[in-house]
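1. Just to be clear, the model below is a prediction. Sequence and coordinates:
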Amino acid sequence: MLLQYNPLYKKVPVLVHNGKPIVESLVILEYIDETWKNHPLLPEDPFEKAVSRFWAKFVDDKCVPLIIKMLLSTLDQKNKVAEEAHEILETLEGTLNTNKPFYGGESLGFMDIAVAWLGIWIPLIKKIKDVKLMDEEHTPLLNAYFKDVLDVHVIRECMPPLDELVKHIKDYHDRFMTAKT
């Protein structure tokens, strides 16, 4: 079925709406924003919209490869990768507005959805690779932000239990690392 809807990249996510596939996370979010206008994800202001898109792309371009790199890292490499992660997370820390609970303001928005997955993967990396990518001392705002975002009902109900996710990813990780050697 995946090949039918995304034959070019052969990967998820894919949103199928009215029988038509839309692929890639950020493209899907923009499609949702433009299709269901009664709950906008992007700000109305063109500048704020551009800023939101920029930071979402930053997360997509920098954090996704970094998480993959960390998962595939050897013991010798993981500390160097963790340093890269600290720099990126400190950059994200600087983008948070302490006067608003979410990037999207008072409710979840485009950027919140684009970045929320990190709140799951950072503790997952800690459990699998035994490396701390984030702490309250260096990124207190981001740490609190992830707790708040992951506590939002609509996000919480869509997330698998952390222990199940850790087991699944650890099994995949261990098989890959064994095959790599």
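-> Yes, it's here. The structure presented is a predicted model; accordingly, all values stated were derived computationally and were not measured.

2. from here on, contacts and neighbour counts on C-alpha atoms
-> Fine.

3. Please report the confidence value the model assigns to the residue most central in space within the chain.
-> In the chain, the C-alpha nearest the mean C-alpha coordinate belongs to Trp117, at 3.3 Å (CA atoms, centre = their mean). At Trp117, the pLDDT value in this model is 93.

4. next one: the one 5 residues further on
-> Note for Ile122: predicted pLDDT of 94.

5. One more: Met159?
-> Among the per-residue scores, Met159 holds a pLDDT of 87.

6. Over to Met177?
-> Turning to Met177, the model gives it a pLDDT of 81.

7. ok, it to Gly105 distance?
-> Distance of Met177 to Gly105, computed by CA to CA, to the nearest Å: 41 Å.

8. mind giving me the domain ranges of this protein?
-> When the chain is parsed with automatic domain parsing, its domains come out as 1-40, 54-180.

9. quick one, which of those domains is packed in tightest?
-> Per-residue neighbour counts averaged over each of those give the maximum for domain 54-180, namely a mean of 15 (mean count of other CA atoms under 10 Å).

10. Could you work out the end-to-end span of that domain for me?
-> Its start and end residues considered, domain 54-180 measures 35 Å (CA to CA).

11. Same question for stretch 124-143.
-> In terms of CA to CA, the two terminal residues of stretch 124-143 are separated by 14 Å.
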